[in-house]
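K.L.:
here's a sequence, model it:
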Amino acid sequence: MKNNSENPVNAFEALVSNAIAQPLVEHIYTADPAAHVFEGKIYIYPSHDVETGTPENDNGDHFDMRDYHILSMDSIDGEVKDHGNALDVKNIPWAGRQLWDSDAACKDGKYYLYFPLKDKQDIFRIGVAVSDSPSGPFKPEEKPMKGSYSIDPCVFQDDDGAFYMYFGGIWGGQLQRWRTAQYDANGTTPEAHEPAIAPRVAKLADDMLEFAETPKELLIVDKAGNPLLASDEDRRFFEASWMHKYKGKYYFSYSTGNTHYLCYATGDNPYGPFTYEGKILTPVIGWTTHHSIVGFKDKWYLFYHDCTVSEGKTHLRSLKVSELKYNEDGTIQLIRPYGELSPNW
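P.N.:
Predicted coordinates:
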């Protein structure tokens, strides 16, 4: 990377040529992959990036997605099938704009697609749509989930069958507007010396359509048990919640946003607290970094995205997958998406 620093074009080409993974699909732009194993296959529920001409800003208005395409693959290196438009914003009764990162869950033969969307007051809520098939199409409920807010829902099923939703994102994800029980359109992020804004967690009701409880803060602490501070931008939560379980331990992973890392923390129960452990992925080409982690056929995989196909356009991203490996002590081995050339901003 240093050898190409004087020529941005050469630097970009060097990263692309040294990438450890290739895009899963290139006929559409896809991002924010939520990968699950349903019916013996990997199903991926990504955002569908499109070019709208919306000016770029820190609130992410240029991420103006309008539908979802669900992908599937029989094997990790096999053909990727696009199942077409599974849910369109024009068919959601309460829709305003911006269909961002989604996730899916299965219970009793029904499939549930959870999605963030701004309502007609331009406030992010979380909706749910239902299907008889993991590939859709999905029929949305008439209203968003009661008490829902912000973005990036991740639905995790524990060993006892209970389902939990993890969600939230600051800046354009509006979580800073929900620092109290009431919505504050002028809400701001904490001061540097204050604890960082925490993601949220709530158990889902039996019908999978509502929360069974008021969402709670999910505390992320350092090894000494102190909450991560707002100034700790290399470690604190920004967006992109994901939960998985490995050898009885809960792993909560997330993006640091403006510092472009994927990090993880571990805990002993789904509500936390979670102790920061380290980084999973160094920065990718593009601004956002977002992921999912899934076990499939005795291996673990990290699904993520970058902007190599669009040549660095931050709102036009493409999915990738790399094997994820654990050390003997349960820590996750760091992945460098462009090998030794991977930037470490």
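
K.L.:
tell me where this protein has helices.
P.N.:
In order along the chain, the chain carries the following helices (DSSP state H): 8-17.

K.L.:
Pro227 is in contact with Pro195, isn't it?
P.N.:
Yes - taking contacts as Cβ atoms under 8 Å, Pro227 lies within contact range of Pro195: 4.0 Å. Just so you know, the C-beta spots here come from the backbone N, C-alpha and C atoms, and that holds for glycine as well.

K.L.:
what comes up buried for stretch 134-143?
P.N.:
By neighbour count, with 16 or more other Cβ atoms under 10 Å as the criterion, the buried positions of stretch 134-143 are 134-138, 140-141.

K.L.:
farthest-separated two in those residues?
P.N.:
Ser135 and Glu141 (19.3 Å; Cβ to Cβ).

K.L.:
flag the shaky bits of the stretch 1-150 of the chain, pLDDT-wise.
P.N.:
Residues of the stretch 1-150 of the chain meeting the criterion pLDDT under 70: 1-8.

K.L.:
can you rerun that using 50?
P.N.:
Within the stretch 1-150 of the chain, the set of residues satisfying pLDDT under 50 comprises 1-5.

K.L.:
dump stretch 65-74 to PDB, keeping only the CA atoms.
P.N.:
Only the C-alpha atoms of stretch 65-74 are listed here, as PDB (Å, rounded to 0.1, in the frame of the first residue of the first chain):
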ATOM      1  CA  MET A  65     -32.700   1.700  -1.100                       C
ATOM      2  CA  ARG A  66     -36.300   0.800  -2.200                       C
ATOM      3  CA  ASP A  67     -36.600  -3.000  -2.300                       C
ATOM      4  CA  TYR A  68     -35.000  -6.300  -1.200                       C
ATOM      5  CA  HIS A  69     -33.500  -9.100  -3.300                       C
ATOM      6  CA  ILE A  70     -32.900 -12.400  -1.400                       C
ATOM      7  CA  LEU A  71     -29.900 -14.500  -2.500                       C
ATOM      8  CA  SER A  72     -29.300 -18.200  -1.800                       C
ATOM      9  CA  MET A  73     -26.400 -20.600  -2.300                       C
ATOM     10  CA  ASP A  74     -26.200 -24.400  -1.900                       C
END
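
K.L.:
name the residues that touch that stretch?
P.N.:
Applying Cβ atoms under 8 Å, 6 or more residues apart in numbering, the set of residues contacting stretch 65-74 from outside is 24-25, 28, 30, 41-50, 79-90, 98-100, 102, 113, 115, 134-136, 138, 319.

K.L.:
distance between it and the chain's centre?
P.N.:
Taking Cα atoms, centre = their mean, to the nearest Å, the mean C-alpha location of stretch 65-74 is offset from the chain mean by 14 Å.

K.L.:
so which bits of that stretch are buried?
P.N.:
When burial is assessed from 16+ other Cβ under 10 Å, stretch 65-74 yields the following buried residues: 65-73.

K.L.:
ok, which pair from those is furthest apart?
P.N.:
The distance between the two most remote of these (Cβ to Cβ) is 24.3 Å, for Arg66 and Met73.

K.L.:
show me what contacts the residue nearest to Trp242 when sequence neighbours are not counted?
P.N.:
The shortest distance from Trp242 to any residue that is not its chain neighbour, by Cβ to Cβ, 6 or more residues apart in numbering, is 4.7 Å, and that residue is Ser253. For Ser253, the residues meeting the contact criterion (Cβ under 8 Å, 6+ apart) are 240-244, 262-265, 280, 291, 293.
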